[in-house]
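K.L.:
okay, predicted coordinates and the sequence, questions at the end:
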There are 2 protein chains.
Amino acid sequence: MSDAKQDALGEGDNDLTQAMRYALSGGKALRAFLVLESARMNRISAGTALRPALAIECIHAYSLVHDDLPCMDDDDLRRGQPTVHRKWNEHTAVLAGDALQTLAFELICETRETPPQVQIALIRSLAIAAGHRGMVGGQMMDIEAETSDAPYSLEQIKQVQHGKTGALIRWSARAGAVLAEADDAHWQALDTYGECLGLAFQIWDDVLDIEGDAKEMGKAVGKDENRGKATFVSHMGLDGAKEYAAELVHKACTALDIYEEQGDCLREAARFVISRRV
Amino acid sequence: MSDAKQDALGEGDNDLTQAMRYALSGGKALRAFLVLESARMNRISAGTALRPALAIECIHAYSLVHDDLPCMDDDDLRRGQPTVHRKWNEHTAVLAGDALQTLAFELICETRETPPQVQIALIRSLAIAAGHRGMVGGQMMDIEAETSDAPYSLEQIKQVQHGKTGALIRWSARAGAVLAEADDAHWQALDTYGECLGLAFQIWDDVLDIEGDAKEMGKAVGKDENRGKATFVSHMGLDGAKEYAAELVHKACTALDIYEEQGDCLREAARFVISRRV
């Protein structure tokens, strides 16, 4: 996946393309993994799923580059390396993020052995997941939490997560069913899996923000607590948050019953999400 | 077009969607006009061309919002109104721009009475025109001109224009031929028209930066000259630049010969581009 991500831009070597490649490097590539694995479960080859998998990593990378900007989360480190605006400058970070978003949609148009109506279904659902009703909307709510009169309620935190991290993870989990034009039951199974996994993932991020090790994680920890920001942990306590995450992982695993033992790898991934240290 | 632009986002009323609507308001809607007119010339209805026309206005609006940011051109006024980051704040401008780009791709997926392979052709060509090899690449070069050791050569200025403003205008002019799955000759005619029009448009912008009236234009003038930035006018002189623009408009009009009198409206538009005061 790492090599494929570096090749996604094609030729061209300048500050812009270097910053785009830099933003794509490293990371867990969880979203690409979900696309490839849900594709395999629906008998879609890795060759076919590769470009949608790269596309979702481009969207994710663009969102991180913009989220790290001084006017947003103002982060200096990402994945143990200087953030794009620290290594280059702010305008390069804005433009590299912009171009990574564009690249995502271009890549889906080049999905191999896939009828155009399926490519359109992928693009349309990705745009809804990434846009003002999805990821960007969630990020806007998340930033506004900082200037909100009262800390967000649990319901509001769930709404932020639903958009900010949930929508892309859910899209990734469903991608295999969309690529295969699978029936509703199979689509729904992956959708529920993705919804529960995304929520568990965010809860665990909040847990790691308290319990994690900054060096191991390659980014600052304790930021939310220091800012007095409401999180799943501040509402539910550490144990309550961990229990809730475990319940969600159980629900995610059960949702995959229809895939029988073909779902084992995704079940394993869900359990990993709430045991990870980074 | 103005009402249609305001409706493009669907429901939702918060700072993010308000900023998106604000960014879409006003302006000449040249790119949408080119899409609608090239569609008409290829016997495609306005109802079908509407969403691609809105999409290109979303991409254009997003690029203006990001270009106006303090880390880019740092502009306070756009179309006679405060820029998005001045009216709201920087993070709202970054996110509204991001979501407008996403919305563009979503809108093309909803193009009526159009086979999915045509929608994919529109999306793929739009992504190439808007991304790192097109608009964003041109904007990056344009910003780097400010810190370049020597003023840009005429060739470099053309390269900036080719990406920054040319690529979207060219896409808009071709859109009708793409929607109609027209033959190469008709596609090529509109492509040449769009290429010449885009270049003439930028040259005229440089002319207006010298001769224009700030109040009438709703934005600052004389900025390039004050910064000592190389432009078509600084290389060719005012008269030379005007002559070159007129030649390009002539070439644009002639390229439409294959459309006979059906091309008259676009020919008129080309002549307007080099007579406009704003």
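P.N.:
Cool, got the structure. Residues are numbered from 1 along each chain as shown, chains lettered A, B, ... in the order given.
K.L.:
ok, how many other residues are close to the nearest residue to A:Ser172 once chain neighbours are set aside?
P.N.:
Closest residue to A:Ser172 apart from its sequence neighbours, by C-beta to C-beta, 6 or more residues apart in numbering or on different chains: A:Leu34 at 3.8 Å. Using the backbone N, CA and C atoms, a C-beta is placed for each residue, glycine as well. A:Leu34 sits with 28 neighbouring residues when counted by other C-beta atoms under 10 Å in any protein chain shown.
K.L.:
ditto for the one 4 residues further on
P.N.:
When neighbours are counted by other C-beta under 10 Å, A:Ser38 registers 32.
K.L.:
SS state for it?
P.N.:
helix (DSSP: H, G, I helix; E, B strand; the rest coil).
K.L.:
ok, it - contacts?
P.N.:
A:Ser38 makes contact with A:Ser172, A:Ala173, A:Arg174, A:Ala175, A:Gly176, A:Ala177, A:Leu190, A:Leu266 under the criterion C-beta atoms under 8 Å, 6 or more residues apart in numbering or on different chains.
K.L.:
any idea how far it lies from A:Val249?
P.N.:
17 Å (C-beta to C-beta, to the nearest Å).
K.L.:
what do you get for A:Ile169?
P.N.:
On the measure of C-beta to C-beta, A:Ile169 and A:Val249 end up 13 Å apart.
K.L.:
list residues touching both of the two?
P.N.:
Counting by C-beta under 8 Å, 6+ apart, the residues touching both A:Ile169 and A:Val249 are A:Leu197.
K.L.:
on that earlier part again, wait, what's in contact with the residue nearest to A:Ser172?
P.N.:
With contact taken as C-beta under 8 Å, 6+ apart, A:Leu34 is in contact with A:Ile169, A:Ser172, A:Ala173, A:Ala175, A:Gly194, A:Leu197, A:Leu266, A:Ala269.
K.L.:
what about A:Ile203, which helix or strand?
P.N.:
helix A:184-211 (DSSP states H and E).
K.L.:
hang on, I meant A:Glu11
P.N.:
Here A:Glu11 is assigned to no helix or strand, by DSSP H and E.
K.L.:
can you give me the neighbour number for the closest residue to A:Tyr152 other than its chain neighbours?
P.N.:
Nearest residue to A:Tyr152, sequence neighbours excluded (C-beta to C-beta, 6+ apart): A:Ala230, at 4.5 Å. A:Ala230: 20 surrounding residues under other C-beta under 10 Å.
K.L.:
gap between A:Ala230 and A:Phe201?
P.N.:
Using C-beta to C-beta, A:Ala230 is found at 18 Å from A:Phe201.
K.L.:
could you do A:Gly131 as well?
P.N.:
For A:Gly131 relative to A:Phe201 (C-beta to C-beta), the value is 21 Å.
K.L.:
cool, and A:Asp183?
P.N.:
27 Å.
K.L.:
again with A:Leu77
P.N.:
20 Å.
K.L.:
likewise for A:Phe232?
P.N.:
Distance of A:Phe232 to A:Phe201, given as C-beta to C-beta: 11 Å.
K.L.:
looking only at neighbour counts, state which of those two leads.
P.N.:
A:Phe232 (26 against 21).
K.L.:
for that one, list the residues it contacts.
P.N.:
By C-beta under 8 Å, 6+ apart, the neighbours of A:Phe232 are A:Leu154, A:Ile157, A:Gln202, A:Ile203, A:Asp206, A:Val207, A:Ala241, A:Tyr244.
K.L.:
for A:Ala96, give me its contacts.
P.N.:
Residues in contact with A:Ala96, defined by C-beta under 8 Å, 6+ apart, are A:Leu16, A:Ala19, A:Met20, A:Ala23, A:Tyr62, A:Val65, A:Val84, A:Trp88.
K.L.:
next one: A:Gln139
P.N.:
Residues counted as contacts of A:Gln139 (C-beta under 8 Å, 6+ apart) are A:Ser63, A:Asp67, A:Met72, A:Gly163, A:Lys164, B:Leu95.
K.L.:
so which of the residues you listed is the most crowded?
P.N.:
B:Leu95 (28 neighbours).
K.L.:
so it is in which element?
P.N.:
helix B:90-109.
K.L.:
which SSE is immediately downstream of that helix?
P.N.:
For helix B:90-109, the succeeding helix or strand toward the C-terminus, using DSSP H and E, is helix B:116-130.
K.L.:
what helices or strands is that following helix leaning on?
P.N.:
helix A:90-109, helix A:116-130, helix B:46-67, helix B:90-109, helix B:167-179 (3 or more C-beta pairs under 8 Å, 6 or more residues apart in numbering or on different chains; DSSP states H and E).
K.L.:
distance between the helix or strand that it is followed by and the chain's centre?
P.N.:
Next helix or strand after helix B:116-130 toward the C-terminus (DSSP H and E): helix B:135-145. Averaging C-alpha positions (C-alpha atoms, centre = their mean, to the nearest Å) puts helix B:135-145 15 Å from its chain's average.
K.L.:
quick one, helix B:135-145 and helix B:46-67 angle?
P.N.:
Counting by axes from the mean of the first three to the mean of the last three C-alpha atoms, to 10 degrees, helix B:135-145 lies at 30 degrees to helix B:46-67.
K.L.:
and the next helix or strand past helix B:135-145?
P.N.:
Next along from helix B:135-145, by DSSP H and E: helix B:154-161.
K.L.:
buried ones in that following helix?
P.N.:
Buried residues in helix B:154-161, counted by 16 or more other C-beta atoms under 10 Å in any protein chain shown: B:Gln156, B:Ile157, B:Lys158, B:Gln159, B:Val160, B:Gln161.
K.L.:
residue ranges with poor pLDDT in the stretch 51-200 of chain A?
P.N.:
By pLDDT under 70, the stretch 51-200 of chain A has no low-scoring segment.
K.L.:
next, the buried residues of the strand or helix carrying A:Ala245.
P.N.:
A:Ala245 is part of helix A:232-255, with elements assigned from DSSP H and E. Buried residues in helix A:232-255, defined by neighbour count with 16+ other C-beta under 10 Å: A:232-236, A:241-242, A:244-245, A:248-249, A:251-253, A:255.
K.L.:
centre of the chain versus it, how much separation?
P.N.:
Worked out by C-alpha atoms, centre = their mean, helix A:232-255 lies 18 Å from the chain centre.
K.L.:
what angle do that helix and helix A:184-211 make?
P.N.:
Going by the same axes, to 10 degrees, helix A:232-255 makes 150 degrees with helix A:184-211.
K.L.:
what angle separates helix A:232-255 from helix A:154-161?
P.N.:
60 degrees.
K.L.:
thinking again about what came up before, name the nearest of the contacts of A:Gln139 relative to B:Arg124.
P.N.:
Taking C-beta to C-beta as the measure, B:Arg124 lies nearest A:Ser63 of the contacts of A:Gln139, at 22.3 Å.
K.L.:
who touches the closest one in this structure?
P.N.:
A:Gly97, A:Ala130, A:Met135, A:Gln139, A:Leu168.
K.L.:
which non-adjacent residue is nearest A:Gly176?
P.N.:
A:Ser38 (3.0 Å).
K.L.:
and A:Ile274, how many neighbours does it have?
P.N.:
Considering only other C-beta under 10 Å, A:Ile274 is surrounded by 18 other residues.
K.L.:
for it, which non-adjacent residue is closest in space?
P.N.:
Spatial nearest neighbour of A:Ile274, excluding adjacent residues (C-beta to C-beta, 6+ apart): A:Ala245 at 4.7 Å.
K.L.:
my guess is the one you found meets A:Trp204, correct?
P.N.:
Yes - look at A:Ala245 against A:Trp204 with C-beta atoms under 8 Å: they come within range, at 5.6 Å.
K.L.:
overlap of the contact sets of the two?
P.N.:
Here A:Ala245 and A:Trp204 share the contacting residues A:Val273, A:Ile274, scored by C-beta under 8 Å, 6+ apart.
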